[in-house]
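1. Just the structure for this:
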Amino acid sequence: MSGRVLRRLAALSLTLAVMVAVLAAGGWYLLAPVDVDVTRGRSTKIGIEIPRGAHMGEIAALLQERDLIRNALAFRWYARMRGEADHIHAGRYDVPRGLSAPDLLAQLVEGRIRLTRLVVPEGLTADEAAHVAASQARFSAAEYLALARDSLLADSLGVPGPTLEGYLFPETYFVDPAITAREFVALQARTFRRVFEPDLLKGATGRGMPGKEAVILASIIEAEARRPEERRTISAVYHNRLDQGMPLEADPTVQYALGGHRARVLYRDLEVNSPYNTYRNPGLPPGPINSPGRASLEAAVHPDSSSYLYFFWIGDSLGTHTFSRTYDEHLRKRAQLRR
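-> Reported below is the predicted structural model:
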């Protein structure tokens, strides 16, 4: 090979090396962090939302528009080269400024989204929970309530049904702000099963009480008990009544039959014709009257060993009840309270 040819090959190799170096440098620059000018008072984090169903081009354009990447095309190319273009999670993110494109892509692929707190208190009916949840989320109360009453959904979630009443577990949840009503209802039902199974369900079965009956009783305890230390005693009263074939005579079940909470249950209310009226019908009502929390579920399965058959609220602000073993004792305590 002549020296002239060798010189040309050397020049060509040098040119290619320079081009590769330039392209590599250009690629590194396009994927490098966007400069953060702290002197301009810009926040160190910026909130973005990746919409559900957005394709890679839309996502990259959004990131460039928010000044989080230098070049949308380079970001798309890098994501596809990594095989992760179709693995970005929808949701709302708090993205630190100054992330490199690889680090930003990792956050989006791992789904490190900003979570929002959604609180559902104990003892709410499905209708009440629908409005409480909807006030903190993007779905409507009507959407939530329709799902809570869906017998097919209840069956698919392993709930004995026919609705999800009683199984929408009350809890403080940290969720994607874009969570749908269906996703949230399913999350509550799964949380209930995680709390109730297998230990509490096993305890209920050991007492000869099917799981559904334990949940029904727990919902009544939830509605009655205001002081935590009284839950197991109230549970014992109801267990004792069930064992002796006595009606439960639980005011909250009458309120449920009447369609909502009332400050006071009147004598005429006790005549309401409903299977939930435990003054007229022996045994437990056909379903839960609210969603009980963990403490009431535990009390329903593990009552104390007292022999009480009666109780009533003494009218104080703490919700204190007094308990009696006989009807005469019960009447005597009521008379003393009135005096």
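
2. This protein: strands as residue ranges?
-> Secondary structure of the chain by DSSP state E: the strands cover 45-50, 91-96, 116-119, 172-175, 310-313, 321-324.

3. From the rest of the structure, what touches the first one?
-> With C-beta atoms under 8 Å, 6 or more residues apart in numbering as the contact definition, strand 45-50 has outside contacts at 59, 62-63, 66-68, 88-97, 108, 114, 178. Just so you know, the C-beta spots here come from the backbone N, C-alpha and C atoms, and that holds for glycine as well.

4. try 6 Å
-> Where contact means C-beta atoms under 6 Å, 6 or more residues apart in numbering, the residues beyond strand 45-50 that reach it are 59, 66, 90, 92-96.

5. Give me the below-cutoff pLDDT ranges for the stretch 51-200 of the chain.
-> Applying pLDDT under 70 to the stretch 51-200 of the chain flags no residue at all.

6. Burial check on the residue lying closest to residue 149 once chain neighbours are set aside, number of neighbours?
-> If you skip the residues right next to it in sequence, residue 149 has residue 163 as its closest partner in space, 4.9 Å away by C-beta to C-beta, 6 or more residues apart in numbering. Applying the criterion other C-beta atoms under 10 Å, we find 19 residues in the vicinity of residue 163.

7. Over to residue 280?
-> Residues near residue 280, counting by other C-beta under 10 Å: 16.

8. same deal with residue 67?
-> Neighbours of residue 67 under the rule other C-beta under 10 Å: 13.

9. same deal with residue 301?
-> Here the count is done by other C-beta under 10 Å, and residue 301 has 24 residues near it.

10. At which residues are the helices of the stretch 201-339 of the chain located?
-> Assignment of helices within the stretch 201-339 of the chain using DSSP state H, counting those that start in this stretch yields the ranges 211-224, 231-243, 251-258, 294-301, 327-338.

11. Show me the contact partners of the first one.
-> By C-beta under 6 Å, 6+ apart, the surrounding residues in contact with helix 211-224 are 122-123, 160, 166, 201, 204, 231, 234-235, 238, 250, 252, 284, 288-290, 292, 296-297, 299-301.

12. so how far is residue 248 from residue 311?
-> Distance, residue 311 to residue 248, using C-beta to C-beta, to the nearest Å: 12 Å.

13. Residue 225 versus residue 275, what's the distance?
-> Residue 275 sits 23 Å away from residue 225 when distances are taken as C-beta to C-beta.

14. so how far does stretch 50-60 reach from one end to the other?
-> Start and end residues of stretch 50-60 are separated by 10 Å (C-alpha to C-alpha, to the nearest Å).

15. Tell me the buried residues in that stretch?
-> Within stretch 50-60, the residues that qualify as buried are 50, 56, 59-60, counting by 16 or more other C-beta atoms under 10 Å.

16. One more: stretch 246-261?
-> When burial is assessed from 16+ other C-beta under 10 Å, stretch 246-261 yields the following buried residues: 248-257.

17. Quick check: end-to-end length of that stretch?
-> With C-alpha to C-alpha as the measure, stretch 246-261 spans 24 Å from end to end.

18. Please apply the same query to stretch 113-121.
-> When the termini of stretch 113-121 are compared using C-alpha to C-alpha, they are 25 Å apart.

19. Kindly report the same for stretch 61-71.
-> 8 Å.

20. Check stretch 134-141 too.
-> Looking at stretch 134-141, the gap from its leading to its trailing residue is 5 Å under the measure C-alpha to C-alpha.

21. Run through who's touching it.
-> Counting by C-beta under 6 Å, 6+ apart, stretch 134-141 makes contact with 118, 130-131, 144, 180-181, all of which sit outside it.

22. 8 Å instead?
-> 116-119, 130-131, 133, 143-144, 175, 177-181, 184.

23. got the domain boundaries for this protein?
-> As given by automatic domain parsing, the domain ranges for the chain are 45-114, 116-196, 209-338.

24. now the second one: how far from the chain's centre is it?
-> Relative to its parent chain, domain 116-196 has a centroid offset of 7 Å by C-alpha atoms, centre = their mean, to the nearest Å.

25. now the end-to-end length of that domain.
-> End to end - C-alpha to C-alpha - domain 116-196 spans 25 Å.

26. now the shortest one
-> Terminal residues of domain 45-114 lie 12 Å apart, using C-alpha to C-alpha.

27. shift numbering so it begins at 35
-> With the count now opening at 35, the last piece we talked about shows up as domain 79-148.

28. Format the helices of the stretch 235-373 of the chain as JSON lines; extra columns: mean pLDDT.
-> Converted to JSON lines, the helices of the stretch 235-373 of the chain look like this (pLDDT from 0 to 100):
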{"stretch": "helix 245-258", "mean pLDDT": "96"}
{"stretch": "helix 265-277", "mean pLDDT": "97"}
{"stretch": "helix 285-292", "mean pLDDT": "94"}
{"stretch": "helix 328-335", "mean pLDDT": "96"}
{"stretch": "helix 361-372", "mean pLDDT": "93"}
